[in-house]
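# Here is my input; please provide its structure:
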Amino acid sequence: MSLPNLNPNKRPPITNPNLSPAATTASSAVISASQPPMKKTKSPSLSSPLDAKNGLHNLFNSDEPGSMMFGEDLDTNDVLASTPNSRGRITDGVAANLSRKKASLPNPSKKLVIKLVKAKPTLPPNFEEDTWATLKSAINAIFLKQPDSCDLEKLYQAVNDLCLHKMGGSLYTRIEKEFEANISAVLHSLVGQSPDLVVFLSLVEKCWQDLCEQMLMIRGIALYLDRTYVKQTPHVKSLWDMGLQLYRKHLYLCPEVEHKTVTGLLRMIEKERLGEAVDRTLLSHLLKMFTALGIYQESFEKPFLACTEEFYAAEGVKYMQQSDVPDYLKHVEALVRPWATCAHLCLVALLKDLNTVVFSQTRLHEEQERCLLYLDASTRKPLISTSEKQLLERHISAVLDKGFMILMDGSRIKDLHRMYNLFARVNTLESLRQALSSYIRKSGQAIVMDEEKDSNMVSCLLEFKAVLDKIWEESFSMNEFFSNTIKDSFEYLINLRQNRPAELIAKFLDEKLRAGNKGTSEEELEGTLDKVLVLFRFIQGKDVFEAFYKKDLAKRLLLGKSASIDAEKSMISKLKTECGSQFTNKLEGMFKDIELSKEINESFRQSSQARTKLPSGIEMSVHVLTTGYWPTYLPMNVRLPHELNVYQDIFKEFYLSKYNGRRLMWQNSLGHCVLKVDFPKGKKELAVSLFQAVVLMLFNDAETLSFQDIKDATGIEDKELRRTLQSLACGKVRVLLKEPKGRDVEDHDSFVFHEAFTAPLYRIKVNAIQMKETVEENTSTTERVFQDRQYQVDAAIVRIMKTRKVLSHTLLITELFQQLKFPVKPADLKKRIESLIDREYLERDKNNPQIYNYLA
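So this is what the prediction gives:
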C-alpha cells in the first residue's frame, strides 16, 4: 500500500467503527409532579459520562419513537426508560411530548425530578485481537515495504482505542515482539554477505537507514501509546529507544556483523590517512549509527585509538630517522596544533560538501576534518592525546639530544617556539627547561673558562645573554620558570672562576666609561650599563667588583679620563639601587672629594701664598683625597724637580693653615703633567704622567743618559722606571731614542732626546704603560678584598657557634661554605677560627681538639 507521511503531532478525528449500539449508554428519567406550576425551561442535555470520559461520539438514535415518555399522573418513583436508536439521537416524539406537557398545566401538588441511571458499556467480542490484527498487518507491511489497505488515520485511531481501554501494555509488548523479529531477521541476513568491506558497509548502512525510517513510521502510528502508556509507566522505553535497544542486542548476537563493520571503518580511515579517497558520507552514517546505539566508545573508539596509536608510532619512528628536528617538529605541529582555530572554516566547508578537502594534506587538516565530518566530538581529545604521545612524548629525549643545541646555536626563534608549544601540550616543559639549563652552562663555560679570551669575556657574555633573552621572549613565551633557569645558569657561570669575572666586569665598565670611547651615544651607553648591571646581579663576590671598580673609577677621576660625569653618577645610582647605600658610600665619597678639591684649588689660587711664593710659568692642580674613600696606594718615592717641590711645599703650607690637624701624603704615582717642549721642527705640548715628566726634564741638562743615570737621578722604583722609559722610547710617540733598539728596556741601554721628532698635532698624549694593571696589582687588590671579608667570616663563625654551642671542625667549615656568598679557601677559614680562639670567642675541646666550644 502507499503510506503517506504521518504527522505524529496532528491527532485525527476519533471514530470507532467497531463499536455496536449495544455499547452505548442508556439513559432514563424519573419525573414527579410538584405543587407550583411548571415554568418554561431549556431542554436538558442527555449524554453519557463514560462516553465523555473516553472521548467517543454519542451513539444514541433519535429516530425510534417512544424513546422517552413523560406523564402527569406518574408517581415520584415511576421510571420511564428511553431507548436509543441505532443513530444515537433522541426521537422527535420526545420533543412533541415535551411540548404537550408544557402546554397543559401540571398538578400543583406534584414535583418533577429527573435522574440519570448509569449503565456500564461493554466492548464487542474479540475487540483487542481484531484491532491488533489490523495493526500487526500494517507493521509487517511497513517492515516488508509492502502496501496495506488500512489508512494511517484508522491505524492511529486503533492505537488510541486500545490505550483508552487500558490495553496499552499488551499493545507495547506485541509491538516489541514484532520489532525484535524483524530486526533479528535483518541483521542475520547480513551474515556471510560480501567479503568486500566497502560493499558490506554499504549494506549495513542501507539496513540502518531502512530501520530508522520504519521505526519512525511505526512510532508515528503509535504516537498515542508513547504519549500515554510509556510516559505513565516507569522503566518503559519509548518505541524509538526500544527499537535501538533491540538493534543493539541483536547486533551483539551477530558478532560477525559488528566485527566486519568496525574493521571496515578502520580500514577506510587508514586508507584515507595514506592518501586514498574514501566515502566520508558512508563513514559518517555508520559512526552515527554507533553513536545512536550507544556503543560508539566501546565498539569503535577503543579499536580506533589503538590503530591510531600504532599508525603514528610507526610514522614517528620513520620521520625521526629520515628528517632533522625542525622538519619533524613541523610535521608534528601539523597534527597537534590547536584545532579550534580552524573549526569555523571546516564547518563552512562541511555545509558545502562533506567530501570537499579545503586544507592542505597535512596531519592537522586530516585529523581536523575527521573529527568535524564523521568522528564523534568525544573522540577529539583522546585522538589528540594519542597522536601527541606517539609522535612527540615518546621522542622527547631524541628531539632534545638531536636538535636542541643546533636550534639554540642558530637562534632559530620560530623552531624553538614550535618546540616550546609542542612540549607544553604534552606537559614536558621540565625536560626542555633542563635542556636549556644544560645548554647555557655548557656554552657559557666555554666563554668563562677560556683564559685566552678574558679580554672579550664580558662582551661575549652580554651577547649570549641578549640572545637568550630574545629566545625567552619570543620562543618561550616569557615563561617565568625559564627566566629563573636562565638566571640560575648565569649565576653558576659568573662564579665558576671565583673573582675573575667580577674583576673583568669592572674593567669592562671602566673601558665604556673612560674618555676616548667614541662612537657611542648617551642612550647607547646607558643601555650598555643596564646590560652589564644584569651580569653584576649574578656575582656572588660583589666586594671584588667594588674593589676593582673603585680602583678604576679613582684613575678616571684623578686623571680626568671619565667620558661623562653624568654617566658615572648614573652607574653609581644603579649600584646603589641594587646593593644599598652602604655599597656605594665610598664611591659617592670619591665624587665629593673631587668637587671639594675644585673648591680648594680655587681658594689656593686666590690665597696670598700662591700670589707671592709660586714660581712663574708653572700651574698645578691638587686633588685632596680622603683616605677611607679611595683605594689604598703604595707610596712611590721620586726626586721631583726643584720647581715642583717648591709648589708642593707652598700648597702644603696653605692647606695645613686652613685645615689644622690634618696630614698630607703625596701620591706621585697618580700625578700627570703637560710639558712644553721646544723641538727643532716646532714646539709641542706633551701630556705625560708625573714620572714621565721627571724623566724628560732630565734631558734639559744632558743629551744622552744611561738607564742607570736616569735611575739614580729620579729615584723611581726599577719596574716603574722601565715602564716609563718604554712608554717614552718604544711606544707610538717616541720622544726619546733608545740604543740599542728593542721593545724591552735593559740595564745597559742608553737614551737620547729625539730632536727630529715631529707630529701633526700640537698637543700629544704619551700613553703611560704604568696605567696597565700588573699581576701584582691584581693580587694585591684581591688580598685587600679578603681582608675586608675577614669581618664577614668572623661574624658567620660566631653566629654558627652561638646557635650550635658545640661543633666539629668539618661541620663548621661546611656550614660556613653554605652561608658565605663569596668564594673562600679552607685555609683562610682556619686562620679566622684560630683568630677567634685567640680572642676567646671559641675554645678547643679538651678531649678532642677537632671540636670547638662556644664561649659565652
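
# Look up how far S706 lies from K574.
Look at K574 and S706: by CB to CB, to the nearest Å, they are 51 Å apart. Placement of C-beta: from N, CA and C, glycine included.

# who's more crowded, those two?
K574 (17 against 14; other CB atoms under 10 Å).

# which residue packs closest to that one, ignoring adjacent ones?
The shortest distance from K574 to any non-neighbouring residue, by CB to CB, 6 or more residues apart in numbering, is to L533 (5.4 Å).

# buried set for the strand or helix carrying that neighbour?
Using DSSP states H and E, L533 sits within helix 522-538. Using 16 or more other CB atoms under 10 Å as the test for burial, helix 522-538 gives 525-526, 528-529, 531-533, 535-536, 538.

# next helix or strand past that helix?
helix 542-558.

# where does the stretch 751-856 of the chain have low pLDDT?
768-780, 782, 786, 856 (pLDDT under 70).

# Over to the chain?
Where the chain drops to pLDDT under 70, the residues are 1-110, 117-120, 334-366, 368, 516-519, 768-780, 782, 786, 856.

# again, only this time at 50
Counting by pLDDT under 50, the ranges of the chain that qualify are 1-103, 338-361, 770-772.

# What ranges does it have for its strands?
If DSSP state E is used as the criterion, the strands of the chain fall at 28-29, 80-81, 672-679, 682-689, 704-706, 736-739, 750-753, 763-765, 806-808, 842-844, 851-854.

# from memory H754 sits against L736, does it?
Yes: contact criterion CB atoms under 8 Å: H754 and L736 qualify, at 5.9 Å.

# and those two? which has more neighbours close in?
L736 (20 against 17).

# I figured that one hits F751, correct?
Yes: under the criterion of CB under 8 Å, L736 makes contact with F751 at 4.7 Å.

# Now for these two: what residues contact both?
725, 728-729 (CB atoms under 8 Å, 6 or more residues apart in numbering).

# so what's M697 up against?
641, 675.

# do you know how far F583 is from M571?
In terms of CB to CB, F583 sits 12 Å off from M571.

# what about these two, which has more around it?
M571 (23 against 16).

# mind listing what the closest residue to that one other than its chain neighbours touches?
The shortest distance from M571 to any non-neighbouring residue, by CB to CB, 6+ apart, is to L529 (5.5 Å). Neighbour list for L529: 509, 512, 567, 570-571, 574 [criterion: CB under 8 Å, 6+ apart].

# now do 10 Å
509, 512-513, 536, 567, 570-571, 574-575 (CB atoms under 10 Å, 6 or more residues apart in numbering).

# And for R734?
Here R734 is in contact with 727-728, 754, 757, 766 (CB under 10 Å, 6+ apart).

# Which members of those are classed as buried?
Buried, going by 16+ other CB under 10 Å: 727-728, 754, 757, 766, out of the contacts of R734.

# Let me know the closest of the residues you listed to C207.
Distance to C207 across the buried ones among the contacts of R734 (CB to CB) is lowest for S727, with 104.9 Å.

# And the closest one, how far from V257?
102 Å.

# repeat for L812
82 Å.

# Could you do F691 as well?
Relative to V257, and taking CB to CB, F691 is found at 107 Å.

# neighbour-wise, which of those two wins?
Using other CB under 10 Å, the more surrounded residue of F691 and V257 is F691, with 27 against 23.

# For the more buried one, give me its contacts.
If you count contacts by CB under 10 Å, 6+ apart, then F691 has 636, 638, 668-669, 671-673, 714, 716-717, 720-721, 723-725, 727-728, 768, 770 around it.

# One more pass at 8 Å, please.
638, 668-669, 714, 716, 720-721, 724, 768, 770.

# any chance of these in TSV, plus distance to L625 and neighbour count?
Listed next are these as TSV, based on distance: CB to CB, whole Å; neighbours: other CB atoms under 10 Å:
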residue	distance to L625	neighbour count
V638	18	20
N668	14	18
S669	13	17
T714	24	21
I716	22	23
E720	20	17
L721	25	21
T724	23	27
A768	20	20
Q770	19	19
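
# Pull the most distant pair out of those residues.
Across the contacts of F691, no pair lies farther apart than T714 and A768, at 15.1 Å, counting by CB to CB.

# What separation do you get for the spatially closest residue to R248 that is not a sequence neighbour and W208?
Nearest non-adjacent residue to R248, counting by CB to CB, 6+ apart: L293, 4.6 Å away. For L293, the distance to W208 equals 9 Å [CB to CB].

# So which of the two has more stuff around it?
When neighbours are counted by other CB under 10 Å, W208 comes out ahead of the other of L293 and W208, with 20 against 17.

# Any idea how many residues pack against the closest residue to that one other than its chain neighbours?
Here the nearest residue to W208 in space, its sequence neighbours aside, is M289; by CB to CB, 6+ apart that works out to 4.9 Å. Other residues lying near M289 total 23 when counted by other CB under 10 Å.

# Does M289 touch C207 like I think?
No: contact between M289 and C207 fails when scored by CB under 8 Å: they sit 9.6 Å apart.

# residues in contact with stretch 434-449?
By CB under 8 Å, 6+ apart, stretch 434-449 touches 400, 404-405, 408, 453, 457, 460-461, 464, 468, 482, 485-486, 488-490, 492-494, 496-497, 501.

# which residues touch R804?
Y854.

# next one: L575
Counting by CB under 8 Å, 6+ apart, L575 has contacts 533, 536, 583-584, 587.
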